[in-house]
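# below are the sequence and a predicted model for it; my questions follow.
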Amino acid sequence: MIRPARKDTASGLALILFAGIIWGTIPLVLDAVGNIHPVVIVFYRVGLSALVIAVIAPFAGTLQELRSLSRRKWIGLIANGGLLALNWVLFFSGLRLAGVAVGEILGYTGPVWVAFLLPLMLKERFDRRVLVPLALALGGTVTVLLATAGHEAGPSVLLGGAIASASSLTYSILILNSKRLLGGVSPIALMLVEDTTAALLLSPALLWFSGPATLGEWGALTVLALVQTVITGFMFLAGLKRVRADHGAILTYAEPISAVIFGAIFLGQSLTTPVLFGGTLVIAGGIIVARMEPAPAIEAPSLVTDLNP
């Protein structure tokens, strides 16, 4: 018989995995968006998402929840909004400059940062069990993306790679801060505040860069906001609330792998033996994490902590 804690962990990992797979469709949406500036893309992504969540919030009791939050929690939520805006702008800019392959390789070193920053930010013991699945997932991702990186060249690659690397660090801090906030804040409240904050911070960009002009561009941005932001955001945060941050972060490697597969299906990119081999490594790492039993010495039912000491 499966213990309740085990069921809870398994469902959390499944939610994160499915969110990662859906995020793998983002390159398809960006292809449909065209040459809109990354800052503008992120603005519409978080802005439209905030509008949708604002409609849902009153029915979920979120407004009452937000009124009851302490000042310290509000500061944490607003900081998360700033991190979210910075992370997505860096990541999309890295992809635009360096190409999907190089950008994804460097941008998805984030789970490595999560594993090693976890003891510092959340005061949790380092789980040595994640080293093997982490190595498999990272190695598989690098194998897949190097196999698809042959067409990426040019003077912008170095700059784009540096930007994508910076996005991986902001990504890890974002995940860990979200994990901490979820101890006293619901996922819908967290998303409402962080998306609204990010949209406000990015709104001045509309004065310098042009926005969507065609029905196709508007449609792509709407899908990006509704599917790859609102729906997957709820899935990811609900999953993150139930598992260790380092375990959940490893499963987000499903995004670059699924991105390559979707690219092969819908964008005509090749699916070679190295790609299949790398994907197998990532899947193996995910299976190892999914089968890990909670270790009492490093995991507890009340894993998520509040911002207050």
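Sure, I can see it. Numbers count the residues shown, from 1 in each chain.

# tell me the SS of Gly248?
helix (DSSP: H, G, I helix; E, B strand; the rest coil).

# next, count neighbours for the closest residue to it other than its chain neighbours.
The shortest distance from Gly248 to any residue other than its chain neighbours is 4.7 Å, reached at Ile16 (CB to CB, 6 or more residues apart in numbering). C-betas here are computed from N, CA, C, even on glycine. A count of neighbours around Ile16, defined by other CB atoms under 10 Å, yields 28.

# secondary structure element holding Ile16?
Assigned by DSSP states H and E, Ile16 belongs to helix 4-23.

# picking up where we left off before, tell me the pLDDT of the residue nearest to Gly248.
pLDDT, Ile16: 94.

# now find how far off-centre the helix holding Ile16 is within its chain.
14 Å (CA atoms, centre = their mean, to the nearest Å).

# and stretch 229-245, by the same measure?
9 Å.

# and that stretch, C-alpha only, in PDB?
C-alpha atoms of stretch 229-245 as PDB (Å, rounded to 0.1, in the frame of the first residue of the first chain):
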ATOM      1  CA  THR A 229       1.900  30.600 -18.000                       C
ATOM      2  CA  VAL A 230      -1.500  30.300 -16.100                       C
ATOM      3  CA  ILE A 231      -2.200  26.600 -16.500                       C
ATOM      4  CA  THR A 232       1.400  25.400 -16.200                       C
ATOM      5  CA  GLY A 233       2.100  28.000 -13.400                       C
ATOM      6  CA  PHE A 234      -0.700  26.400 -11.300                       C
ATOM      7  CA  MET A 235       0.600  22.900 -12.100                       C
ATOM      8  CA  PHE A 236       4.200  23.800 -11.200                       C
ATOM      9  CA  LEU A 237       3.500  25.600  -8.000                       C
ATOM     10  CA  ALA A 238       1.000  23.000  -6.800                       C
ATOM     11  CA  GLY A 239       3.700  20.400  -7.500                       C
ATOM     12  CA  LEU A 240       6.500  22.400  -5.900                       C
ATOM     13  CA  LYS A 241       4.500  22.700  -2.700                       C
ATOM     14  CA  ARG A 242       4.500  18.900  -2.300                       C
ATOM     15  CA  VAL A 243       8.100  18.100  -3.100                       C
ATOM     16  CA  ARG A 244      11.700  19.200  -2.300                       C
ATOM     17  CA  ALA A 245      12.800  22.000  -4.600                       C
END
